[in-house]
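S.K.: Whatever this is, show me its structure:
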Amino acid sequence: MEILSAWTVTRVVKLVGLAWFVLGLGGATLPASRCDRLRSAYLVMVPGFVATCGAGWLLMKTSGRSLVTPWLLAGVVAGAAALHLGFLASHHERPRRLTIMLAWGSIACAIALMSLRPDGALMTGGVAATGLAVGALASWPIYRVPTVASEDREEVWRGLRWITWFEGGSLLLLLAAMPLRLVSGFSVDGGTGLVGWTHGVLVLLFIQSLGSATRVLRWPRSEIGLGVLSVFVPGAAFWLERRMRHRFERGA
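M.R.: Take a look at the predicted model:
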């Protein structure tokens, strides 16, 4: 009964997270105001994505499946493509119709794969490869951005800031959990690997957000390089946040 209850709760969390993610994707792609799209992307789409991924990981571990299962891996890639395209649409002054259509096509593929669970490794692998190609093509070019209103700049910075905090904190939690498990045998996530998986998801979100922010805030591309390096150094995310805050306040 305990396991069944935990399974049921996790499934509910995943469904609610998925609904939140889809709602956020709608808010990130459809409103005319970029400020509204940015707010929806950071406050609705991102939390929905994290909740969906976290609950999905727990369901996968509980059922004994592996992430390399073709339909499961393809579904994750399709969901990540939808997130990427949603971010691009939210940061553009006027999102391209192609970007919006691809975003909704990606999330539809992710839902279909997770629901139908097809056995064909070739087909699901093709979906994963297509998702990666779609995300790459839709992001080009990402640096041609006109003058950005001050309220849009504020929304971008607020979103990037809290994601940076969470990513940096998740790395510290992961590093603290490892010796704790080795010394005392106590596992923070019950041995499910949820902490490491969540950190990986937050790294993905951080790099995505930083890449989009540099486009809107007109920061040099070197900030992306620093951001990528920071995910490997404990505490570096908080140093980077201060650096970016000073740059933002200077309007540079």
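
S.K.: Now the stretch of helix or strand residue 10 belongs to: buried residues?
M.R.: Residue 10 belongs to helix 2-29 when elements are defined using DSSP states H and E. Buried positions in helix 2-29, judged by neighbour count with 16 or more other Cβ atoms under 10 Å: 10, 13-14, 17-18, 20-22, 24-29. Where C-beta positions appear, they are placed from N, C-alpha and C, glycine not excepted.

S.K.: which residues in the stretch 151-252 of the chain form helices?
M.R.: 194-217, 222-230, 236-250 (DSSP state H, counting those that start in this stretch).

S.K.: As CSV, the ones you listed with mean pLDDT would be great.
M.R.: As requested, the helices of the stretch 151-252 of the chain are arranged in CSV below (pLDDT from 0 to 100):
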stretch, mean pLDDT
helix 194-217, 90
helix 222-230, 89
helix 236-250, 91
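
S.K.: Let me know which of those is the nearest to residue 105.
M.R.: helix 194-217 (18.6 Å; Cβ to Cβ).

S.K.: sorry, back to before: quick one: mean pLDDT over the helix holding residue 10.
M.R.: In this model, helix 2-29 has an average pLDDT of 88.

S.K.: to the chain's geometric centre, what's the distance from that helix?
M.R.: 15 Å (Cα atoms, centre = their mean, to the nearest Å).

S.K.: which other helices and strands contact that helix?
M.R.: If contacts are counted by 3 or more Cβ pairs under 8 Å, 6 or more residues apart in numbering; DSSP states H and E, helix 2-29 sits against helix 34-40, helix 46-63, helix 70-91, helix 97-116.

S.K.: Let me know which of those helices is tucked in deepest.
M.R.: helix 70-91 (a mean of 25; mean count of other Cβ atoms under 10 Å).

S.K.: helices and strands around that helix, which ones?
M.R.: Checking 3+ Cβ pairs under 8 Å, 6+ apart, helix 70-91 ends up next to helix 2-29, helix 34-40, helix 46-63, helix 97-116, helix 121-138, helix 194-217.

S.K.: make it 7 Å
M.R.: helix 2-29, helix 34-40, helix 97-116, helix 121-138, helix 194-217 (3 or more Cβ pairs under 7 Å, 6 or more residues apart in numbering; DSSP states H and E).

S.K.: Can you redo those as CSV, where the extra columns are distance to residue 155?
M.R.: Supplementary listing: the helices and strands packed on helix 70-91 in CSV, determined by distance: least, Cβ to Cβ, whole Å:
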stretch, distance to residue 155
helix 2-29, 12
helix 34-40, 4
helix 97-116, 19
helix 121-138, 21
helix 194-217, 9
